[in-house]
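Asker: Sharing a model that was predicted from the sequence below.
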Amino acid sequence: MVVATTAAGGWYYADELLLVDTSPTEFPIEVVEVSDTSVTLIGEGADQPGLTGLDWPGGYARVGPDIERVGDTITRSLIPFPDVPEPGTMVRTNFYAYPLDLASFRKVSELDADEIVYDGPLGGYPATYLPGERSRWVIHVHGRGATRAEAFRLLPPLHEAGFPQLAIAYRNDDDAPADPNGRYGLGWTESDDVAAAIDYARGQGADDVILAGYSMGGAVVGNYLRVHGPDGVAGVIYDSPVLSWSDVLANESRNRNLPAVAATIASGVVRLRTGINLGAMNQVANADTLTLPVLLFHGSGDETVPVSSSDAFADARPDLVTYVRLDGAGHVQGWNVDPAAYEQAAAEFAVTLPNP
C-alpha cells in the first residue's frame with residue numbers, strides 16, 4: 001500500500017508540474033473599508049508580508065508592510081497604484097507589486113514602456129520593453145504560471161542605471177503561443193524562447209545581455225546556458241531560482257508526507273512522458289561548469305523552492321556567486337521585504353560587470 005501510494009503521489013505531482021493551469025483567477029479577499037490612507041481587508045492572503053500589490057478585475061493598488069489585525073480583519077496602509085478599490089470589492093494580494101496592464105504600469109512607474117513582439121520557435125512572443133542608453137540589455141524570465149509582471153520590480157532601478165530591458169513572455173503564457181503538447185517544459189523547451197529573445201535584442205543593437213530568472217525562470221536561464229553556452233551573456237541575476245528540480249520535488253514530497261522516493265518517481269515520470277531530463281538541468285550538481293558572475297537572491301522563508309539549493313550553489317562557487325540570503329522572505333519576495341536594498345544590490349551588480 002505504501003509503495004502504491006508513493007507511486008501515485010509521484011505520478012500526480014509530475015502531472016501538477018507539467019500541466020498548464022487554465023482555472024480562473026480567484027479573488028479571496030474582501031475589501032471591508034477604505035479611507036484616504038488605509039484599507040481594511042478580510043480573507044486568505046490579506047496579511048501577505050511586505051510591500052505588495054492589491055489586484056482585482058480592472059484595478060490595482062499597493063498596500064504597505066504595516067499590518068494591524070483586529071479579529072479576522074487586516075488593516076494596512078493604501079497606495080493608489082493607480083487605482084483604489086471600493087468597499088465590497090473582491091481582491092487578491094499580488095507580490096509582483098506592479099500591474100501587468102501596460103497603461104497602468106506606465107502611469108505608476110512613469111517609465112516609457114512599450115510592448116514589442118519577437119519571433120520565436122512557435123510564432124510571435126510579446127515582451128515589455130524599456131529603452132536605455134547602454135548596449136548591454138537585461139532580459140527578464142518569469143516563473144512557472146507567472147506573468148511578465150513578476151519582473152517589473154527590477155525594471156525601474158535597472159532603467160535608471162541605463163539598461164535596455166525586455167520582460168518576456170514564453171510558451172503557454174496567456175498572451176504567448178501555446179506549446180503543442182499543452183505542457184510546461186520546466187525550462188527544457190522554454191530556453192529556446194529565451195534564445196529568440198536574445199536574438200531580438202542583438203538585432204536591435206545589443207552587444208551582450210544579462211539574464212534574470214525568477215523561480216522556474218532560473219531553470220529556463222540555466223538550461224539556456226547549458227544548451228546555447230555563455231557567449232554573449234555578461235552575467236545572471238537569480239531570484240528564488242529552481243536550480244535543482246530534484247530538490248524541489250523532494251521538498252514537495254516532504255510537504256505531502258510522502259517518502260523521498262516519490263521525488264525520484266516524479267522525475268522519472270516527467271522524463272518518460274516528455275523526454276525532459278531534469279538531472280541535466282541540475283545547476284547545483286553541475287556548478288563546476290559555471291563561468292559567469294551570478295547575483296543570487298533567495299529567502300529563508302521560501303516554501304516553494306528550498307533555499308538549500310541556493311545555499312549549496314553559492315557554497316560551490318563563491319568565486320562567481322554573490323549571494324543575498326534574505327532572512328524570512330518568501331518565494332520571490334526579497335524585493336517586497338526590503339525594496340531599497342534589493343534594488344541597490346541588483347543595480348550595483350549589473351553596472352560593475354566586466355565589459356565584453
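Answerer: Received it, and whenever you're ready, just let me know what you need.

Asker: Kindly confirm my reading that Asp247 forms part of a strand.
Answerer: No. Going by DSSP: H, G, I helix; E, B strand; the rest coil, the assignment for Asp247 is helix, not a strand.

Asker: Who's the closest spatial neighbour of it, skipping the chain neighbours?
Answerer: Ser309 (4.5 Å; CB to CB, 6 or more residues apart in numbering). The way it works is simple: take the backbone N, C-alpha and C, and place the C-beta from them, glycine included.

Asker: For the one you found, list the residues it contacts.
Answerer: By CB atoms under 8 Å, 6 or more residues apart in numbering, Ser309 lies in contact with 241-244, 247-248, 284.

Asker: Next up, identify which helix or strand it is on.
Answerer: helix 307-316 (DSSP states H and E).

Asker: Can you show me the CA trace of that helix as PDB?
Answerer: Extracted in PDB, the C-alpha atoms of helix 307-316 (Å, rounded to 0.1, in the frame of the first residue of the first chain):
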ATOM      1  CA  VAL A 307      16.700  27.800  -0.100                       C
ATOM      2  CA  SER A 308      19.100  24.800   0.500                       C
ATOM      3  CA  SER A 309      19.600  24.600  -3.300                       C
ATOM      4  CA  SER A 310      20.800  28.200  -3.400                       C
ATOM      5  CA  ASP A 311      22.900  27.600  -0.300                       C
ATOM      6  CA  ALA A 312      24.700  24.700  -2.000                       C
ATOM      7  CA  PHE A 313      25.100  26.600  -5.300                       C
ATOM      8  CA  ALA A 314      26.700  29.600  -3.500                       C
ATOM      9  CA  ASP A 315      28.900  27.400  -1.400                       C
ATOM     10  CA  ALA A 316      30.100  25.500  -4.500                       C
END
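
Asker: looking at it, Pro82 is touching Gly53, isn't it?
Answerer: No. Counting by CB atoms under 8 Å, Pro82 sits too far from Gly53 to count as a contact (11.8 Å).

Asker: For Val322, list each beta-bridge partner.
Answerer: One thing to correct before we go on: residue 322 is Thr, not Val. Leu295 (DSSP bridges).

Asker: Spatially central residue in this structure, please.
Answerer: Computing the C-alpha centroid of the chain and ranking residues by CA atoms, centre = their mean puts Tyr214 first, at 3.1 Å.

Asker: Confirm Gly222 sits in a helix?
Answerer: Yes. Assessed by three-state DSSP, Gly222 belongs to a helix.

Asker: circling back: mutual contacts of Pro82 and Gly53, please.
Answerer: Tyr60.

Asker: Those two: who's more crowded?
Answerer: Gly53 (24 against 17; other CB atoms under 10 Å).

Asker: Tell me the secondary structure at that one.
Answerer: strand.

Asker: Roughly how far does the residue nearest to it when sequence neighbours are not counted sit from Ala219?
Answerer: Spatial nearest neighbour of Gly53, chain neighbours left out: Asn94 (3.7 Å); criterion: CB to CB, 6+ apart. Plainly put, Asn94 is 23 Å away from Ala219 if you go by CB to CB, to the nearest Å.

Asker: Please identify which of these two sits among more neighbours.
Answerer: Under the neighbour definition other CB under 10 Å, Asn94 and Ala219 were set side by side, and Ala219 has more, 30 against 23.

Asker: still on that earlier bit, so which of the contacts of Ser309 are in helices?
Answerer: 247-248 (DSSP state H).

Asker: among the contacts of Ser309, which are in strands?
Answerer: Judged by DSSP state E, the contacts of Ser309 include no members of strands.

Asker: which of the contacts of Ser309 lies closest to Gly143?
Answerer: Val242 (8.0 Å; CB to CB).

Asker: Contacts only, for that closest one.
Answerer: Neighbours of Val242 in contact, by CB under 8 Å, 6+ apart: 143, 186-187, 215-216, 218-219, 248, 305, 309.

Asker: What of Gly218?
Answerer: 238-243, 283.

Asker: Doesn't it belong to a helix?
Answerer: Yes. Under three-state DSSP, Gly218 sits within a helix.

Asker: What ranges in the stretch 151-300 of the chain fall below the confidence cut-off?
Answerer: Counting by pLDDT under 70, the stretch 151-300 of the chain contains low-confidence ranges at 255, 257-260, 262.

Asker: where exactly do the helices run in it?
Answerer: 155-160, 190-203, 216-228, 245-255, 261-274 (DSSP state H, counting those that start in this stretch).

Asker: Quick one, which of the ones you listed gets closest to Glu348.
Answerer: helix 155-160 (9.8 Å).

Asker: Now the helix holding Ser309: buried residues?
Answerer: 307-314, 316 (16 or more other CB atoms under 10 Å).

Asker: Touching stretch 343-356 from outside, list them.
Answerer: So stretch 343-356 is in contact with 136, 138, 154, 156-158, 160-163, 207-208, 210, 232, 234-235, 237, 293, 295, 297, 322, 324, 335, going by CB under 8 Å, 6+ apart.

Asker: ok, now with 7 Å
Answerer: Residues outside stretch 343-356 that contact it (CB atoms under 7 Å, 6 or more residues apart in numbering): 138, 154, 157-158, 161, 163, 207-208, 210, 234-235, 237, 293, 295, 322, 324.

Asker: circling back: so which of the helices of the stretch 151-300 of the chain is nearest Gly328?
Answerer: helix 245-255 (17.5 Å).

Asker: tell me which residues in the closest one are buried?
Answerer: Here helix 245-255 shows 245-253 as buried, counting by 16+ other CB under 10 Å.

Asker: Stretch 112-121 now?
Answerer: 113, 118, 120.

Asker: Over to stretch 19-35?
Answerer: In stretch 19-35, the ones that count as buried by 16+ other CB under 10 Å are 20, 29-32, 34.
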